[in-house]
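Q: Sequence and predicted structure are below.
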Amino acid sequence: MDMLRGLILGCLILLGAPMAWASEVSAIAAAANIKFALDKIAADFTQDTGKRVRISYGSSGNFVAQLRHGAPFELFLSADDKYIYQLHKLGVTDSDGEVYAIGRLALAAPKRSPLVIDAELAGLKQLLEQGKLKRFAIANPEHAPYGERAKEVLQRLGLWQPLQAHLIYGENVSQAAQFALSGSTDGGIVALSLAMAPQFRAASHYVALPSEWHSPMNQRMVLTPKAGETAKAFYAYLSHPKARAIFTEFGFGLPLVSEGGDQ
């Protein structure tokens, strides 16, 4: 009888193991611009802790709508702190979290594009004036922070209205980068972190744009009330030197000590 009980208990443990393991995989929502950096950080997190996270990437504005309607994300990494403040004000989160990185914009184009890359966008102006610009990509400014900032830059330089007939919107900045760097457009304004990623850099060229040309890109993260221990551990891990070094590798600025915890 004792042996039978042991066998039954062993079978229950084996059958329950996949369910227990699955429950340890935390659901994370993250802005598309941090995909390559965050994938690398998540891999290090799993290697260092044995814990796993499942990351969904998209536009910050769309994630806000999902979270307001009860999406089961445990941690949200936004491309703009205004979305975190909005969720906190609505009572969706218990705090307004903290800044994990500071984003930058880049002008980027495929290597065979006629668009000359320069930080002043003189090449873009020239191509536009010559009537040779076909399509130019940015993220949708209605709900993607990097699209909002790209619009600010173009408005500052007097290019927003002249470009209207040529603009192609990506649903998020990752899709805009695909449009800008795949050859389907002459180029675009995208996240520097994406332009620097090996997957894009091999077939394109880019230049960082002056950060003073647009409002700050303070990328803020926050835990939701659904957060479990794995999500909380990952949240803390994102402030550790190892994670911060990866953000720097992909062109991000870093928050001050007061925002980043124990740096």
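A: That came through fine.
Q: make it CA atoms for all contacts and neighbour counts henceforth
A: OK.
Q: Give the burial count for Gly123, as a bare number.
A: 15 (other CA atoms under 10 Å).
Q: Start at 56, not 1
A: Taking 56 as the first residue, the last one we looked at is Gly178.
Q: count of residues packed around the spatially closest residue to it that is not a sequence neighbour?
A: Of all residues not flanking Gly178 in the chain, Val171 sits nearest, at 4.7 Å (CA to CA, 6 or more residues apart in numbering). Residues within reach of Val171, counting by other CA under 10 Å, total 20.
Q: Check for me that Val171 belongs to a helix.
A: No - going by DSSP: H, G, I helix; E, B strand; the rest coil, the assignment for Val171 is coil, not a helix.
Q: Could you count how many residues lie near Val149?
A: Slight slip there: residue 149 is Asp, not Val. Asp149 has 14 nearby residues by other CA under 10 Å.
Q: Just say helix, strand or coil for the closest residue to it other than its chain neighbours.
A: Excluding its sequence neighbours, the residue lying closest to Asp149 (CA to CA, 6+ apart) is His143, at 6.4 Å. Each residue gets one of three states, and His143 gets helix by three-state DSSP.
Q: so who does His143 touch?
A: Contacts for His143 (CA atoms under 8 Å, 6 or more residues apart in numbering) come out as 149-151.
Q: Identify those among those residues that sit within strands.
A: In this view, the contacts of His143 have no member that belongs to strands under DSSP state E.
Q: Can you redo those as CSV, where the extra columns are pLDDT?
A: Compiled in CSV, those are given as follows (pLDDT from 0 to 100):
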residue, pLDDT
Asp149, 94
Ser150, 95
Asp151, 94
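Q: how about the strands in the stretch 206-318 of the chain?
A: Ranges of strands in the stretch 206-318 of the chain, per DSSP state E, counting those that start in this stretch, are 222-225, 242-246, 259-263, 273-278.
Q: thinking Lys90 is in contact with Gly113, fair?
A: No - if you go by CA atoms under 8 Å, Lys90 and Gly113 don't touch, sitting 9.4 Å apart.
Q: which of those two has more neighbours?
A: Gly113 (22 against 19).
Q: Not counting residues beside it along the chain, what's closest to the more buried one?
A: In space, Gly113 is closest to Ala87, 4.9 Å off (CA to CA, 6+ apart).
Q: can the strands of the stretch 206-318 of the chain go into JSON lines with extra columns for distance to Glu284?
A: Output for the strands of the stretch 206-318 of the chain, formatted as JSON lines (distance: least, CA to CA, whole Å):
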{"stretch": "strand 222-225", "distance to Glu284": "34"}
{"stretch": "strand 242-246", "distance to Glu284": "31"}
{"stretch": "strand 259-263", "distance to Glu284": "37"}
{"stretch": "strand 273-278", "distance to Glu284": "11"}
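Q: Tell me where the model's unsure across the stretch 206-318 of the chain.
A: 312-318 (pLDDT under 70).
Q: 90 instead?
A: For the stretch 206-318 of the chain, applying pLDDT under 90 flags the ranges 236-239, 252-259, 310-318.
Q: What segments of it are helices?
A: Along the stretch 206-318 of the chain, counting by DSSP state H, counting those that start in this stretch, helices occupy 228-236, 247-250, 253-256, 284-292, 296-304, 312-315.
Q: mind listing what's buried in the third one?
A: Going by neighbour count (16 or more other CA atoms under 10 Å), the buried part of helix 253-256 is 255-256.
Q: Let's see that helix as PDB, backbone CA atoms only.
A: Taking Å, rounded to 0.1, in the frame of the first residue of the first chain, the C-alpha atoms of helix 253-256 are listed here in PDB:
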ATOM      1  CA  PRO A 253      22.800  43.600 -35.800                       C
ATOM      2  CA  GLN A 254      19.700  42.300 -37.600                       C
ATOM      3  CA  PHE A 255      19.200  45.800 -39.100                       C
ATOM      4  CA  ARG A 256      22.700  47.200 -39.200                       C
END
